[in-house]
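Can you look at this prediction? I've put the sequence above it.
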Amino acid sequence: MNIYDNRLSFQEQLEQCKKNLDRLSDNAFVSLEVAQNFIQESVWWNHPKSGWVRAPRHSRNIERGSRGWEIHFGANKFCISLAITRCVSVLHTLITKFSENNEYPREELLETLYHQVRCSICNYNGDLYKTPYKLNGNDMIFGTTSIDIKDFVDEVILISKITRLYNYKIVNKSSANLNSLIKHQHATFISLSSKFLESEGNPVMYEYEAWSSQDYFALLGELKTNLDENEQQLSDIDYLYEKYKPHIPLR
């Protein structure tokens, strides 16, 4: 999936994101399957010999509680449904801002989502902590188990496809801001080049999307077109464009 692909209108992108969010939390209801998926993707265990390793089997310990699906870690309890619902609410706010043509910086979005996850921990009395749970790096640690808040939030972003809204705005900036688009596309292309080198041409993940080699070559073609339109030159792009020209799809 090319993140610069804007065949859908912005309104269609908004509606698709809303549908994706409903898959996560529909009127504050989170399914057990969704809760299990988030635990499988974000919980780690400190193995005596191997150190921190993923612990997907912890998803078997999920229970129904007063705040939806929950999981106990010693005296603490992580309210999974609450964390997901709060993150979904934040993304609905973002969609509203975008629909009103307002901005919502990515950095601010991520920090807000991280905060919601950290504020979804209960103490031994079943009361939510009044302050965000402490972090060690990206981890909320409970003895030998941890929840990686970045992993948790990454899953929200991956499923919602919210990054497509940001990238749509980048693609559809006025020609006066073409330099910003070129800079973003070039950085993306460099990152993808490294990833494809490691994967030996197999599809890779970038910006919460799967990229095929066809997407990669399409981006190269778009970048070269934008450089020509802006009368710029980048030696690496010019060289690669000529080298891979037969693989670049016609627009």
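Received the coordinates, thanks. The model shown is predicted, which means the values in this text are computed figures rather than measured ones. Numbers count the residues shown, from 1 in each chain.

contacts and neighbour counts: CA atoms only from here.
Will do.

For the protein, which segments are assigned as helices?
10-24, 32-42, 80-99, 106-118, 149-160, 163-171, 178-199, 213-229, 235-244 (DSSP state H).

Need these in TSV (columns: distance to Pro56 and mean pLDDT).
Putting the helices of the chain into TSV (distance: least, Cα to Cα, whole Å; pLDDT from 0 to 100) gives the following:
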stretch	distance to Pro56	mean pLDDT
helix 10-24	19	88
helix 32-42	4	96
helix 80-99	14	93
helix 106-118	18	93
helix 149-160	13	93
helix 163-171	26	68
helix 178-199	25	82
helix 213-229	31	81
helix 235-244	41	77
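
what residues are up against Leu165?
If you count contacts by Cα atoms under 8 Å, 6 or more residues apart in numbering, Leu165 has them with 10, 13-14.

How many neighbouring residues does Val34 have?
When neighbours are counted by other Cα atoms under 10 Å, Val34 registers 17.

So it sits against Asp22, correct?
No - between Val34 and Asp22 there is no contact under Cα atoms under 8 Å: 11.3 Å.

rewinding a little: export the helices of the chain as CSV, with columns for distance to Glu70.
Listed next are the helices of the chain as CSV, based on distance: least, Cα to Cα, whole Å:
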stretch, distance to Glu70
helix 10-24, 15
helix 32-42, 9
helix 80-99, 5
helix 106-118, 13
helix 149-160, 15
helix 163-171, 28
helix 178-199, 36
helix 213-229, 40
helix 235-244, 50
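
Beta-bridge partners for Val53, please?
Trp45 (DSSP bridges).

Next one, pLDDT for it please.
You'll see Val53 listed with a pLDDT of 96.

Going by neighbour count, which of the contacts of Leu165 comes out on top?
Ranking the contacts of Leu165 using other Cα under 10 Å puts Leu14 first, with 21 neighbours.

and the residue nearest to that residue when sequence neighbours are not counted, how many neighbours?
Of all residues not flanking Leu14 in the chain, Ile95 sits nearest, at 6.6 Å (Cα to Cα, 6 or more residues apart in numbering). Per other Cα under 10 Å, the neighbour tally for Ile95 reads 22.

next one: Ser9
Neighbours of Ser9 (other Cα under 10 Å): 10.

any idea how far Ile159 is from it?
According to Cα to Cα, to the nearest Å, Ser9 stands 20 Å off from Ile159.

what about the residue nearest to Leu14, distance to Glu198?
According to Cα to Cα, Ile95 stands 35 Å off from Glu198.

Please apply the same query to Tyr166.
27 Å.

Looking at those two, which one has more neighbours?
Tyr166 (17 against 11).

if I read this right, Trp69 contacts Ile62, doesn't it?
Yes - with contact defined as Cα under 8 Å, Trp69 counts as touching Ile62 (6.4 Å).

Those two: which has the busier surroundings?
Trp69 (22 against 18).

Touching, Gln36 and Ser59? I think so.
Yes - between Gln36 and Ser59 a contact is recorded at 5.0 Å, counting by Cα under 8 Å.

wait, what's in contact with Ala28?
Counting by Cα under 8 Å, 6+ apart, Ala28 has contacts 81, 85.

Swap in 6 Å and give it another go.
Thr85 (Cα atoms under 6 Å, 6 or more residues apart in numbering).

And it, its phi and psi?
Main-chain torsions, Ala28, degrees, to the nearest 10: phi 70, psi 10.

Quick check: it vs Asn179, distance?
42 Å.

Could you do Gly221 as well?
Distance, Gly221 to Asn179, using Cα to Cα: 16 Å.

Ok, Lys195 next?
24 Å.

How about Tyr241?
From Tyr241 to Asn179 the distance is 19 Å (Cα to Cα).

which of the two has more neighbours?
Regarding Tyr241 and Asn179, a neighbour count based on other Cα under 10 Å identifies Tyr241 as having more, with 18 against 15.

for the more buried one, what are its contacts?
Contact analysis of Tyr241 by Cα under 6 Å, 6+ apart lists nothing.
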